[in-house]
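>>> build the 3D model from these lines:
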Amino acid sequence: MTRKIALILALVLAASFILVGCAGKDSGNIKIGVLTPTSGPEAYYGNDMLKSYELAVKEINAAGGLLGRQIELYHADDGCDPSMASQAATKIISAEPDFVVGGYCSGATTPVLPLFDAENLVTLISAANSTEITKLGLKTAFMVNSPGTHACLSLGDLCNSLGVSRMALIHQGDSYTQNLSDLVTAAMPNYGVSIVATEVMEKGAADVSAIVTAIRNANADMVYWCGYFADGSNVIKQLRQGGYTGEICVGDGSSSPELITGCGAAGEGVYVTSPPFVEFSAGGADYVKRFNDMHKVDPGTYSTLSYDTMMVLAEAVKRANSLDYEKVIAEIEKSEYLGLSGLIKFAPNHELAVSNFIILQIKDGAFTLVTP
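You can find the predicted model right below:
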């Protein structure tokens, strides 16, 4: 009798192990992979995005989670570098997430999206916005931030309001900055603006005096910086030190308070084609308080887009009542989510359909909202 009971218990125990082993991704928490740079020159943005996802997940879980399950995040650092991003994407895939969010630098994000797509991982991209992303034609990838084509609309209106007719561009040859430069080059003639110079700056270059001289010789009445804030502040300072007195505008990659800190007095009057800032969003003050209560710091530039990214995904999963990627994709394609960053709905190519860009200007050491 004892042997018989022991055998039965052993069989029951073995069966339980089999059941646990077969449960896979459908058991336990819903896992969401997060790809952002938390090291390197763009770590400010990547950490801010990660903190925003964490706040959204905390609030979703507190309200009961999704499909009766809690959400957990699995983060990997892409360093804003294609090689690091490939390793980070492999780590995320190995963790067997249900979905992926993130993507700050287009140059690091674009190459790894096919890896996620091959695994049928629905990926919502919160910040990276090169149109090279949607040229991939991936079924699983959605761009939550406005593409560079939307930046051109805001920039063109700004130029017309300021009477700008001759523009110089500076980019750094990577996927995001060159893509933005190319889009601006194509769009500005529609606003009566000629591109009189296009300069390429090496990343991290200390001396850009040759670029300043070329821009002055081209008689540009606006310089549009297409790069990130770390190098952008140096460019702005050297433009002013080199005697350039025209307008300066920077793209969304430089829409950070760190730009103001880096520029100092040289930044006064500089314009930004910017993603939505929480300070100017409806409900922004309450969001800032919730974010600060959790992280003891204020939210940054891409916080609203990142928080909204998680909410768009959560709403799609709820409507699909499933984690099946095809059902979730179908619901994301129908999304019309009004969040902190504005209306999030997607065009057929999975770019954001309605521009969320705003124009900011540095005045008295702070960003102010401009209406061209």
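>>> so what are the domain limits for this structure?
29-146+280-344, 149-274 (automatic domain parsing).
>>> put together TSV for those, with distance to residue 361, mean pLDDT and mean neighbour count on each row.
Quick note: C-beta positions are derived from backbone N, CA and C, even for glycine. Compiled in TSV, the domains of the chain are given as follows (distance: least, CB to CB, whole Å; pLDDT from 0 to 100; neighbours: other CB atoms under 10 Å):
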stretch	distance to residue 361	mean pLDDT	mean neighbour count
domain 29-146+280-344	12	96	20
domain 149-274	5	95	20
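>>> out of those domains, the one nearest residue 356 is which?
Of all the domains of the chain, it is domain 29-146+280-344 that lies closest to residue 356, at 4.5 Å by CB to CB.
>>> ends of the closest one, what's the gap?
26 Å (CA to CA, to the nearest Å).
>>> tell me how far the residue positioned nearest the centre of the chain lies from residue 215.
Closest to where the C-alpha atoms of the chain average out (CA atoms, centre = their mean) is residue 127, at 1.0 Å. Per CB to CB, to the nearest Å, residue 127 is found 28 Å from residue 215.
>>> next one: residue 111
Distance from residue 111 to residue 215, by CB to CB: 32 Å.
>>> so where do the strands sit in the stretch 101-250 of the chain?
In the stretch 101-250 of the chain, the segments counted as strands under DSSP state E, counting those that start in this stretch are 122-125, 141-143, 166-171, 194-200, 222-225, 247-250.
>>> and for residue 278, the neighbour number?
Residue 278 has 23 neighbours, counted by other CB atoms under 10 Å.
>>> now do the contacts for the residue nearest to it when sequence neighbours are not counted.
Leaving aside its sequence neighbours, residue 278 sits nearest to residue 284 (CB to CB, 6 or more residues apart in numbering; 4.4 Å). Residue 284 makes contact with 277, 278, 304, 340, according to CB atoms under 8 Å, 6 or more residues apart in numbering.
>>> contacts for the host helix or strand of residue 74, please.
Residue 74 belongs to strand 71-77 when assigned by DSSP states H and E. Residues from elsewhere that reach strand 71-77, judged by CB under 8 Å, 6+ apart: 29-39, 46, 50, 53-54, 57, 60-61, 65, 84, 87-89, 91-92, 95, 97, 314.
>>> in strands only, show me those.
30, 31, 32, 33, 34, 35, 36 (DSSP state E).
>>> turn the residues you listed into TSV, including distance to residue 310.
Shown next, in TSV, are the ones in strands among the contacts of strand 71-77 (distance: CB to CB, whole Å):
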residue	distance to residue 310
30	12
31	13
32	8
33	12
34	10
35	14
36	13
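>>> ok, residue 322 - contacts?
So residue 322 contacts 67, 328 (CB under 8 Å, 6+ apart).
>>> switch the cut-off to 10 Å
Applying CB atoms under 10 Å, 6 or more residues apart in numbering to residue 322 gives the contacts 67, 328, 331.
>>> span of stretch 190-198 from start to end?
Terminal-residue distance, stretch 190-198 (CA to CA): 18 Å.
>>> got a list of contacts for that stretch?
152-153, 155-160, 163-171, 178, 181-182, 184-189, 211, 214-224, 226.
>>> okay, and which of those residues map to helices?
Mapping the contacts of stretch 190-198 onto helices (DSSP state H) picks out 152-153, 155-160, 178, 181-182, 184-187, 211, 214-217.
>>> residue 127 contacts residue 104, correct?
Yes. Counting by CB atoms under 10 Å, residue 127 does reach residue 104; the two are 4.6 Å apart.
>>> so what sits against both of these two?
36, 42, 45, 46, 48, 49, 145, 176, 253, 302, 306.
>>> from the residues you listed, pick the one nearest residue 350.
Among the shared contacts of residue 127 and residue 104, and counting by CB to CB, the member closest to residue 350 is residue 145, at 12.1 Å.
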